[in-house]
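Asker: Predicted structure and sequence below. I'll ask about it afterward.
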Amino acid sequence: MPCERKPMRYGHSEGHTDVCFDDEGKCVVTCGSDGDVRIWESLDDDDPKSINVGEKVYSVALKVISAWLKMVENEGANFGILFSSDFIVKIVEVVDSSQQKTLRGHDAPILSVALDPSDEFLASSSCDGSVAVWSIESQTQVAQWQILQKSSDVSNAKSLCRLAWQPRSGKLLAVPVDLTIQLYDRNTWTHVSTLSDDLISQVVNVVVWSPCGKFLAAGTVGGNLLVWDVEAKLCIERQKHEKGFTVCGMAWHPSGGRIAYTDTEGCLGLLEGVPSSSSTVQSTKVSPKETHDYDDLFDEDDDRGLDEGMSDSRSPVKKPIMEEDDDDDDLMPATGRPRNRGSFLDDDDNSQDPSCVKLDGVPEEDGSSAILPAVGPAVSRPVYEGPMPTQPQRAFQPGSTPVHLMHRFMVWNSVGIVRGYNDDQDNAIDVEFHDTAIHHAMHLTNTLGHTMADLSQEAVLLACEGTEELASKIQCLHFSCWDTHKDWIVDLPKGEDVRTLCLGQGWAAVATSALMVRLFSVGGVQKEIFSLPGAVVCMAGHGEQLLIVYHRGTGFDGDQALGIQLLQLGHKRRQVIHGEPLPLSRKSYLAWMGFTAEGTPCCIDSEGVVRMLNRTLGNMWTPVCNTRDSCKSKSDHYWVVGVHENPQQLRCIPCKGARYPPTLPRPAVAVLPFNLPYCQTTTEKGQMEEQYWRSVLFQNHYGFLSSSGYEIDSEGQSRAEKEQQELLMKMFALSCKLEREFRCVELAEIMTHSVVTLAIRYASRSRRMALAQRLSELALEKASQIQEEEQEEEEPAYQRLICSSFEEMKLLLNFVFQEYLINIFKLQVSGAGKSSSSPAGQPRTTNVLDSMTMSNRKPAPLGSTSKQGKAPVLKPLAPKPKSKVQCVAQIQMFSSPAGSHTLPKTGFQLWLEENRKSILADNPDFEEMDVIKEGMGRFRTLSAEERLNWTERAKGDSDPKKRKREDEEGQVDEQTESDEGRTKKKKPLDTSAKLSAFAFNKE
Amino acid sequence: MDPAEVEFLAEKEMVKIIPNFSLDKIYLIGGDLGPFNPGLPVEVPVWLALNLKQRQKCRIVPPEWMDTDKLEEIREQERKLDTFTPIPSLYYMELTKLLLNHSADNIPKADEIRTLVKDIWDTRVAKLRLSADSFISQQEAHAQLDNLTLMEINTTRSFLLDSLNYMYKLRSNLQPGRSQDY
């Protein structure tokens, strides 16, 4: 059998528990010895609502109550049954509690009772070992069997002995007796058959009929769950409780496909795909009549065949339940009976058989299984095994608790709280503001039956769905209005219902069942209307932004297919997000949607993952937090009420064992930190990366706000920027420590320019020359970038200023380099003779530096530079052409009194000057650049001693410098004109040349 | 020391409030408080919490231990043991009194809590008296009492010290007399 056992969930504290489905099978209701009744909204994603009914001790009473409630729901049910340890069963009419009937006859506490679907009989089991059937009308005992083991009290009884009548017809009464289940015929009260299985090793506790009456499920003390086909007497399903706890409550889903069960440890479990379900569903309308006939036939056969097999053993089983509770455990209706009864009651007047015919259509088996019972019902059913479509989630108001609660939050947002009360005494709405300065609290009577609400600084918007007579209404309390009419009401057209609504600044939006969004001004003027591509799920408003989430299509296998639109209302109306899919976790649905206080869209799914729109990454969604990580237990949740970016706060309400908070006691808000799911956040590196990107993400709103014309907290912004740069610097330091120089450079690329200088200083202090050099290039590049940007913006008149500041920066860099460059050069100079002993790192530095610069940013490498890289010594290069700015700057520099910054001649330059002519003679068509290149090539071929010679000469040669520099400037200027594109690329080289020269000079 | 003085000290304890107004950080000699965001819990000293509460500017979130279950557990523990059990707050009595008097509406099951705390207090003070009694009657030179709160010490201090003084005087008067007798 393709029966799936779902994992157990914690439902109640240890002790006796019980379970049943509501009539439509939408909810599972459980109760436990903790005195709570929990309503599990859907089976997969449990959002149990708990209703505390009594204290522990009275769990019995609680059950009665819950049973009553269930009965009342089924209109036909008139009775509540009370039974207690005083050996009597009382029948109380629910409507009029003065009508009581008492059934006396048991000599020990009652274990359980079961009401016959036609309300004619009542079966009870007792600790005295007897099972009795009573006629309700005459209050007399109709039959009694001494089949159970005796025990003194419910707490000592081995089995709960939950009886069950066959639904609809009530033809058979199933009694769990020891390891078997015995079936008794209704009219003759004789034993007709016994169901058993080898798997049963311990006493059967609970028996439940499937809604169709064809199958019987049983739960045993050892945690076995079995399902029999009653006609065939065939065990068609065997399951074992995952922990082997005693099963004490079972309920069959009204459609038949699922069985919910609870154990004495308070856990709720679910069996999916129990055979009867599918066959039932499929065969639903196949041939009700025939089926019915067959059923009857088989029923009778079974009865006769099994007569003998009755076993008398009724070993009571130890039942780990608290004494008091047990009195009530026996409460039958909890096992799903009320549901059956409901469907029956209408038909009760008819004789049993006709009623069967009528009803059987729905729950009866398909013909095939009835005809060939031996084969088993699951044999040849064509089953679709592909992905199953998901039930689309219903529209909701973000920040509200479910509508069916009597006391609920209609909305809880950053402005305030709207609570709805809908109980016997009162149908009212309370509006309360977090900040009483906005408005005082309000109490409204809810005559229209509003179920949806939103709250903003200006107004409260309420809406109700339409009924048959009344149209769906929107009510707005515009409390910030300055005239005397503070509210307005709008009726929607007939047949159109409000699904969800939201308020923005000066406007309200309402999405309706007609797949339409209607915009209103906050004063009540109707504005634009537009259609949505799918059924709306929720909306949120903030300032001029409207966020709409709707069903984009059908999701499969538990996923939802949601689309999202973000509209900018106000002056420049536009659509920012055009219905892109909204990312959610697997098998989850949307739980909250809204804006952060700063106006960034944010969504939370039922798995607790908070995602935020990243406007700088093409409007992608970045997960920023998983609230489930901070939950202590699996069934705890956080109910989010607000998201703030500055300071970074996720405001939410911790809900223990539930998805939603109760209104009382008033829940307290907790603040969760954000935590981006980066890898290896246990390491220092991962942590800092997470912090950095979080800071970047949460700083995005400044850009958005300023671009849409809001004023921003510039202090906060600069603080965030500072924090980011600090983090980068720390990461840089860390990578340095780990000798990851490439990584260092990567980090430096995201740093701002000023921090790069710091990084350079750090690198130099930690004696990483290669790194420092690379960084210096980077710094220059960044500087020029900044400058170019500025240039674009600024007037040419300001250029000089910029240039000078740029130059200053360069000087700063020079100073930074100075100290270590001097050292290096000293080394080189002394070691140049024996070139092999030159510091290993140093020559490579230039090398790598150059090639890296090119490969990184300059796709067209210059031959000269790459060749030059092979030089064993850090060679000062001939001044290379500079960018325009640099030239200007240099000229300026020359004229300034700070002449010490001018560059000295280098050995190569001297050499080049002497050899220029010969080069030109060899290649008369050479441009200046080519000359230099060629010169470098030649210079390199010289021996180390010769080169050193030149260098020495260059040092001594200070007088002609000035003149030559001027020459150079001239050249430079020429070149700037000729190949400006290239010049820029040369810049870093040029700098290092200048730097080194400078260093020599100092020496 | 006066009980009022002890209460004054207790007012320095921190308690969480949920303000319904908005205010930036305030800088006080005792430290910075805030910022206050409407609807968001913030820790402030009791004196400020009570002041704000009286002006209806906040709701007070009762301290964690101010919960019937926890107090019941403490009460049982207190009754079971002969020694003093550790108490969740050194100012439990004062805080209970202050908070319940001024903001009972924010504290669920206020009456039960009042009773429980009173029970605990009574048990402890009874123990204290008992031990003082045995201390004196056995003429011990010193005794160790752990986990006593300031208020509890305060209730017995003046009386116990004075009476010990008197007894000392009486005894010392008695002894020379005796020696004279013999």
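Answerer: Everything's here; your move.
Asker: use CA for all of it now, contacts and neighbours both
Answerer: Noted.
Asker: Chain A contacts on chain B?
Answerer: Residues of chain B found near chain A (CA under 8 Å from any CA of the partner chain) are B:19, B:20, B:21, B:22, B:38, B:39, B:40, B:41, B:61, B:108.
Asker: Switch those over to CSV; also include distance to residue A:226.
Answerer: Shown next, in CSV, are these (distance: CA to CA, whole Å):
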residue, distance to residue A:226
B:19, 57
B:20, 58
B:21, 61
B:22, 62
B:38, 56
B:39, 53
B:40, 52
B:41, 52
B:61, 51
B:108, 47
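Asker: With secondary structure as new columns, can those be given to me in a markdown table?
Answerer: Putting these into a markdown table (DSSP: H, G, I helix; E, B strand; the rest coil) gives the following:
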| residue | secondary structure |
| --- | --- |
| B:19 | strand |
| B:20 | coil |
| B:21 | coil |
| B:22 | coil |
| B:38 | coil |
| B:39 | coil |
| B:40 | coil |
| B:41 | coil |
| B:61 | strand |
| B:108 | coil |
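Asker: Return the member of these nearest to residue A:196.
Answerer: residue B:108 (53.2 Å; CA to CA).
Asker: Near that closest one, how many other residues are there?
Answerer: 16 (other CA atoms under 10 Å in any protein chain shown).
Asker: Now do it, the pLDDT please.
Answerer: With respect to pLDDT, residue B:108 scores 85.
Asker: number of nearby residues for the closest residue to it other than its chain neighbours?
Answerer: Using CA to CA, 6 or more residues apart in numbering or on different chains and skipping the chain neighbours, the partner closest in space to residue B:108 is residue A:665 (7.0 Å). As a burial measure, residue A:665 scores 10 neighbours (other CA under 10 Å).
Asker: Go ahead and confirm residue A:665 touches residue B:106.
Answerer: No. Counting by CA atoms under 8 Å, residue A:665 stays clear of residue B:106, with 9.3 Å between them.
Asker: quick one: pLDDT of residue A:750?
Answerer: Looking at residue A:750, the pLDDT reads 89.
Asker: Indicate the residue of chain B located nearest to chain A.
Answerer: Closest residue of chain B to chain A, CA to the nearest CA: residue B:20 (4.3 Å).
Asker: Doesn't residue A:625 lie inside a helix?
Answerer: No. Assigned with three-state DSSP, residue A:625 falls outside any helix and is strand.
Asker: pull the longest helix from chain B.
Answerer: Looking across chain B with DSSP state H, the single longest helix is helix B:150-181.
Asker: one step back: which of the residues of chain B next to chain A are the two that sit furthest away from each other?
Answerer: Across the residues of chain B next to chain A (CA to CA), the longest gap, 25.8 Å, separates B:22 and B:108.
Asker: residues in contact with residue A:631?
Answerer: A:637, A:638 (CA atoms under 8 Å, 6 or more residues apart in numbering or on different chains).
Asker: end-to-end on stretch A:503-521?
Answerer: 10 Å (CA to CA, to the nearest Å).
Asker: Stretch A:235-254 now?
Answerer: Using CA to CA, the two ends of stretch A:235-254 sit 21 Å apart.
Asker: List the buried residues in it.
Answerer: Across stretch A:235-254, burial judged by 16 or more other CA atoms under 10 Å in any protein chain shown covers A:235-241, A:245-254.
Asker: Show the contacting residues for the closest residue to residue A:183 other than its chain neighbours.
Answerer: Distances taken as CA to CA, 6+ apart place residue A:174 nearest to residue A:183, at 4.6 Å, with adjacent residues excluded. Shown in contact with residue A:174 (CA under 8 Å, 6+ apart): A:163, A:164, A:165, A:166, A:181, A:182, A:183, A:184, A:207.
Asker: can you do 6 Å?
Answerer: Taking CA atoms under 6 Å, 6 or more residues apart in numbering or on different chains as the criterion, residue A:174 is in contact with A:163, A:164, A:182, A:183.
Asker: In terms of pLDDT, where does the residue nearest to residue A:698 when sequence neighbours are not counted sit?
Answerer: Nearest residue to residue A:698 in three dimensions, chain neighbours excluded: residue A:645, at 5.6 Å (CA to CA, 6+ apart). Looking at residue A:645, its pLDDT reads 89.
Asker: What is the neighbour count of residue A:645?
Answerer: Other residues close to residue A:645 by other CA under 10 Å number 19.
Asker: ok, residue A:756 to residue A:382 distance?
Answerer: Taking CA to CA, one finds residue A:756 at 69 Å from residue A:382.
Asker: er, residue A:452 I mean
Answerer: Residue A:452 is 44 Å from residue A:382, where distance means CA to CA.
Asker: what does residue A:613 give?
Answerer: Noted for residue A:613: a distance of 45 Å to residue A:382, by CA to CA.
Asker: More neighbours: which of those two?
Answerer: More neighbours surround residue A:613 than the other of residue A:613 and residue A:382, with 20 against 8 (other CA under 10 Å).
Asker: What strand or helix carries that one?
Answerer: strand A:609-614 (DSSP states H and E).
Asker: now do residue A:119
Answerer: Residue A:119 belongs to no helix or strand, assigned by DSSP H and E.
Asker: Give me every residue in the stretch 301-450 of chain A that's in contact range of chain B.
Answerer: Residues of the stretch 301-450 of chain A that fall close to chain B, judged by CA under 6 Å from any CA of the partner chain: A:434, A:435, A:436.
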